[in-house]
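**Q** just to be clear, the model below is a prediction. Sequence and coordinates:
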Amino acid sequence: MNQKYLSTRVVNLKPSGIRKFFDIVATMQDVISLGIGEPDFDTPDPILQAGIRSLQRGQTHYTSNSGRLELRQALADHLQRQYGVSYDPASEIIATVGVSEALYMAMTALLNPGDEVIVPTPCFVAYQAEVTLAGGVPVELPTYAEDGFQLRPDTLEAAITPRTKAILIGYPNNPTGAVATRSALLEVARIVEKHDLVVVSDELYDQLVYGVPHVCFPALPGMWSRTILLGGFSKNYAMTGWRIGFAAGPADLIKGLLRVHQYTIMSAPTMAQDAALEAILHGRPHVEAMQNEYNRRRMLIVGGLNSLGLPTVEPHGAFYAFPNIRASGMDEETFAQRLLDEERVAVVPGSAFGSGGEGFVRCSYATAYEKIEEALHRMERFMRRYG
């Protein structure tokens, strides 16, 4: 009855396919979850202790809107050292409440009503929603397994209209695990410059890559001035609950994001900023240890899925595999539901990640090696019945 008071944008927003599915999982016993996109590691102890010390020192007050300058300086140094991309910590970096807030700020600051944003899919479930909530129009652009989920330049250019304002990309990719090649991103850069567009580049998983380099989009020729870079600590450093991320870009764009941030958030959690500073300064050995274990699991799950007749493009980043499940004779929703009901293995239907995910499911290997082994045994029984 009271729904009449809600905005049309909110009423028409479809629920998250991930949340919807895991509400069901929460009611069941003996489920092995390959669905949650969250590290199963606890936050490394030195980072944890830095947060505790912050609380003990009474650091329970607001920081500046942009966040602690020490953290922003450490981020600027890291981005310069890692990717050769330079930001002024005083005016070109904001500490945010995770990448989710950074994405919200970027869309709200950039978009006028009706502006179109090209969103390659499959993608993180919030991309289209944040565009819509900001008054924009998401334009989904499917990518394909046969291309390694890289963007096709011809289809990207064909999707551009006079209303196109921005392109929202996310590599390493959730849910496919794809890492964009430099050559593919240079084609994106060429098209962006030709049509005078802005790029929002979500690089949350940048340090979780396996055997290939991550290409930082604003480091490409001509792209620094038209890119908002989003990054964070949740996945690389196992800090999901700390809710800490950042946005970086040219000062005139970041000034717009800051206006949204200061009225919506004020400042990111102070103790989380102090923990993030420890992470960026001294956390690399812990990232490498987690990365090595993810890689071990990656090889297990990709080999296992392919052996079950579920073709899986090798993921080179993040901690997801994205098998094609058409050999089962089911669509992705039916496959996920039956696998859960019959074998107590939880995966996420690929359609939750946009139209490019139809016919696939997402399997997270951010869970213990032994649990992945058992999940593959259960899936083998399942595929014997349906494969």
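**A** Yep, it's here.
**Q** now do the contacts for residue 315.
**A** Neighbour list for residue 315: 176-178, 210, 298, 302, 321-322 [criterion: C-beta atoms under 8 Å, 6 or more residues apart in numbering]. Just so you know, the C-beta spots here come from the backbone N, C-alpha and C atoms, and that holds for glycine as well.
**Q** make that residue 358, sorry
**A** Residue 358 neighbours (C-beta under 8 Å, 6+ apart): 331-332, 350-351.
**Q** so which of those residues wins on neighbours?
**A** Highest neighbour count within the contacts of residue 358, by other C-beta atoms under 10 Å: residue 350, with 29 neighbours.
**Q** can you tell me how far that residue is from residue 333?
**A** Look at residue 350 and residue 333: by C-beta to C-beta, to the nearest Å, they are 9 Å apart.
**Q** just to revisit the earlier point, which of the contacts of residue 358 fall in helices?
**A** The helices, defined by DSSP state H, take in residue 332 from these.
**Q** turn the contacts of residue 358 into a markdown table, including distance to residue 151.
**A** Formatted as a markdown table, these follow (distance: C-beta to C-beta, whole Å):
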| residue | distance to residue 151 |
| --- | --- |
| 331 | 25 |
| 332 | 22 |
| 350 | 18 |
| 351 | 20 |
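**Q** in helices, which of the contacts of residue 315 fall?
**A** 298, 302.
**Q** determine which two of the contacts of residue 315 are furthest apart.
**A** Longest distance between any two of the contacts of residue 315 is 14.8 Å, between 210 and 322; criterion C-beta to C-beta.
**Q** neighbour count: these two, which is higher?
**A** Counted by other C-beta under 10 Å, residue 210 and residue 322 do not tie: residue 322 has more neighbours, with 28 against 19.
**Q** excluding residues flanking it in the chain, which one is nearest the more buried one?
**A** residue 176 (4.4 Å; C-beta to C-beta, 6 or more residues apart in numbering).
**Q** wait, the one you found sits on residue 124?
**A** No. The criterion here is C-beta atoms under 8 Å, and residue 176 misses it with residue 124 at 10.9 Å.
**Q** ok, those two, which is more surrounded?
**A** Shown here are residue 176 and residue 124; by other C-beta under 10 Å, residue 176 has more neighbours (31 against 24).
**Q** quick one: that one and residue 318, what's the gap?
**A** Applying C-beta to C-beta, the value for residue 176 to residue 318 is 8 Å.
**Q** now for the helix or strand of the chain with the lowest mean pLDDT, which elements pack on it?
**A** Sorted by mean pLDDT, DSSP states H and E, the helices and strands of the chain end with helix 17-25, the least confident at a mean of 71. Helix 17-25 is packed against helix 332-343, strand 345-346, strand 348-349, with contacts defined by 3 or more C-beta pairs under 8 Å, 6 or more residues apart in numbering; DSSP states H and E.
**Q** next, residue 362: secondary structure please.
**A** At residue 362 the chain is in strand, as set by DSSP: H, G, I helix; E, B strand; the rest coil.
**Q** please report how far it lies from residue 247.
**A** Going from residue 362 to residue 247 by C-beta to C-beta gives 26 Å.
**Q** how far out from the middle of the chain is the least confident helix or strand of the chain?
**A** Here helix 17-25 is found 18 Å from its chain centre; the criterion is C-alpha atoms, centre = their mean, to the nearest Å.
**Q** what do you get for stretch 209-223?
**A** That offset, for stretch 209-223, works out to 16 Å (C-alpha atoms, centre = their mean).
**Q** same question for stretch 17-31.
**A** With C-alpha atoms, centre = their mean, you get 21 Å for stretch 17-31.
**Q** any buried residues in it, and which?
**A** 17-18, 21-22, 31 (16 or more other C-beta atoms under 10 Å).
**Q** quick one: terminal-to-terminal distance for that stretch?
**A** Terminal residues of stretch 17-31 are spaced 18 Å apart (C-alpha to C-alpha, to the nearest Å).
**Q** what does it rub up against?
**A** Taking C-beta under 8 Å, 6+ apart as the rule, stretch 17-31 contacts 33, 35-37, 125, 336, 340, 344-346, 348-349, 351-353.
**Q** swap in 7 Å and give it another go.
**A** Outside stretch 17-31, the residues that touch it by C-beta atoms under 7 Å, 6 or more residues apart in numbering are 33, 35, 125, 336, 340, 344, 346, 348-349, 351-352.
**Q** most surrounded residue in these?
**A** Greatest neighbour count in these, by other C-beta under 10 Å, goes to residue 348: 29 neighbours.
**Q** so residue 94 is in which element?
**A** According to DSSP states H and E, residue 94 maps onto strand 93-96.
**Q** can you name the residues in contact with that strand?
**A** Against strand 93-96 from outside (C-beta under 7 Å, 6+ apart): 66-68, 71-72, 75-76, 87, 102, 105, 244-248, 254, 257-258, 261, 268, 273.
**Q** alpha carbons only: can I get it in CSV?
**A** Extracted C-alpha coordinates of strand 93-96, given in CSV (Å, rounded to 0.1, in the frame of the first residue of the first chain):
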residue,chain,number,x,y,z
ILE,A,93,42.0,11.1,-4.1
ILE,A,94,39.0,10.5,-1.8
ALA,A,95,38.8,7.7,0.9
THR,A,96,35.3,6.2,0.5
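**Q** what mean pLDDT does it get?
**A** Taken as a whole, strand 93-96 has a mean pLDDT of 98.
**Q** now it, how far from the centre of its chain.
**A** Relative to its chain's centre, strand 93-96 lies at 17 Å (C-alpha atoms, centre = their mean).
**Q** could I get the full set of strands for this structure?
**A** 32-33, 93-96, 116-121, 137-142, 164-170, 198-202, 227-232, 245-248, 320-321, 345-346, 348-349, 361-364 (DSSP state E).
**Q** redo those as JSON lines? Include distance to residue 153.
**A** Listed next are these as JSON lines, based on distance: least, C-beta to C-beta, whole Å:
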{"stretch": "strand 32-33", "distance to residue 153": "37"}
{"stretch": "strand 93-96", "distance to residue 153": "31"}
{"stretch": "strand 116-121", "distance to residue 153": "12"}
{"stretch": "strand 137-142", "distance to residue 153": "11"}
{"stretch": "strand 164-170", "distance to residue 153": "12"}
{"stretch": "strand 198-202", "distance to residue 153": "14"}
{"stretch": "strand 227-232", "distance to residue 153": "18"}
{"stretch": "strand 245-248", "distance to residue 153": "26"}
{"stretch": "strand 320-321", "distance to residue 153": "25"}
{"stretch": "strand 345-346", "distance to residue 153": "37"}
{"stretch": "strand 348-349", "distance to residue 153": "29"}
{"stretch": "strand 361-364", "distance to residue 153": "26"}
